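K.L.:
please find the sequence and the predicted model below.
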Amino acid sequence: MFLFSDKIVGQCPTFEFCLSEPYYESLYGAFATDVNLNDFANYYAAGIDLEISYSNTDIHIIESTTEQSLLSVIKTGLGASFNFSAGGIILGGIQPPLDEGAEVTGFDEEIIFTIYFTAVAGECVDFTFVSTDVIVSFPLIPAYEICEGGVGLNCEIDDYCMPSFTLAGLIENPVLDCVDAEDGGVPGVLVEINEAQEIEDYDCMAITYANGDYECSVIGGLDYRITPIHDYNRSCGLTSLDIDIIQDHILQSDCITDLWSFLAADVNESGTITTSDNSAIQGAILNTDVDWPSWSFVPASTYTGLTIPTCPGMGSHVVPSYNEFIDIEELDDDLTQLDFVGIKMGDVNGTC
């Protein structure tokens, strides 16, 4: 045996691998777990070959981002080889020549790979090392050993579950003070909850129940937009009476005074009440091609603050603006009062 840099040529060093607790990486829009190489000092890592299994194949490994995560000083030679299969990952990094590999010089942990993945709320997974090999080359000597590393205590991921919270609310009719009107919830509305980076795993969809409520479980810590959509039965409640009411308002002979009716009159959502809205209602009654939403939805907190202009008067046809969605930033708790008021477009007399 020969001594170089206080290391014995041909003797495997003591080292171990460890997986970090998963965390969210906003840059890539994915969760991540770091693969660390620990206590590997003053040797050259000429090659690394790891095999890791994961227990839940509903977890989606982001292959391209994981491949780019290899420690740069190991990657500079021939690069790396990766193999992804259902429930398994092989991470390999090879860099010749053997006496010029990446020298890990400290006894602290060194991140050598990062595994990126996505999953839906509530999914759980184990990550377990199957094999842990490093090709060790020795300073100044073209000699190497294939050494098997250990796995540190609590260094595998045991039953990690995606952090999740509940988003819920009620989609309700406005309070209508007209004959045969029905107050209460709006059933059958599709509620889309979309994550800001448009990653499908993080999205959720719900349909409102008979009483108009909805509920979704989504990943915590992310940004979301909640949008109700209901284009069913566009002609419901639409009659010539609605046309007459809108026309009287335009002429300022009999003004609309209810907020819900005022919003419903802006059928084409142009921001003003005009004869074009009456044309849209006529098209729906005659079942011709129309391109406007059957329903509009106003966040309940917004609805209570909306006012309509005085009529007759200047600007009496201008509709107050509102967003048809609710935005959530960095979700960190259950939110269960995300309510909307549903407006049946064109039904200004409230018969639908």
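P.N.:
Cool, the structure landed.
K.L.:
so what's the residue count around Glu16?
P.N.:
When counting by other CB atoms under 10 Å, one arrives at 18 neighbours for Glu16. The C-beta positions use only the backbone N, C-alpha and C, and glycine is treated the same way.
K.L.:
partners of it in the sheet?
P.N.:
Asn38, Gly150 (DSSP bridges).
K.L.:
pretty sure Thr65 is in a helix, no?
P.N.:
Yes: secondary structure of Thr65 (DSSP: H, G, I helix; E, B strand; the rest coil): part of a helix.
K.L.:
nearest spatial neighbour of it, skipping sequence neighbours?
P.N.:
Tyr116 (4.4 Å; CB to CB, 6 or more residues apart in numbering).
K.L.:
my read: that neighbour touches Ile61, true?
P.N.:
Yes: the pair Tyr116 / Ile61 is scored as a contact, 7.2 Å apart, by CB atoms under 8 Å.
K.L.:
which one of the two is surrounded by more residues?
P.N.:
Set Tyr116 next to Ile61 and count neighbours by other CB under 10 Å: Tyr116 wins out with 22 against 19.
K.L.:
what's the spacing between that one and Ala30?
P.N.:
4 Å (CB to CB, to the nearest Å).
K.L.:
how about Gly185?
P.N.:
37 Å.
K.L.:
compare those two (neighbour count), which wins?
P.N.:
Ala30 (24 against 19).
K.L.:
show me what the more buried one is bridged to.
P.N.:
Beta-bridge partners, per DSSP bridges, of Ala30: Glu25.
K.L.:
start at 288 instead
P.N.:
With 288 as the first residue, the last one maps to Ala317.
K.L.:
what pairs with the longest strand belonging to the chain, and is each one parallel or antiparallel?
P.N.:
Using DSSP state E to assign secondary structure, the strand with the most residues in the chain is strand 411-425. Sheet pairing here is set by DSSP bridges, and for strand 411-425 it gives strand 330-341 (antiparallel), strand 428-435 (antiparallel), strand 444-448 (antiparallel).
K.L.:
pLDDT averaged over the last one - what is it?
P.N.:
This points to strand 444-448. Summarised as a single mean, pLDDT over strand 444-448 is 95.
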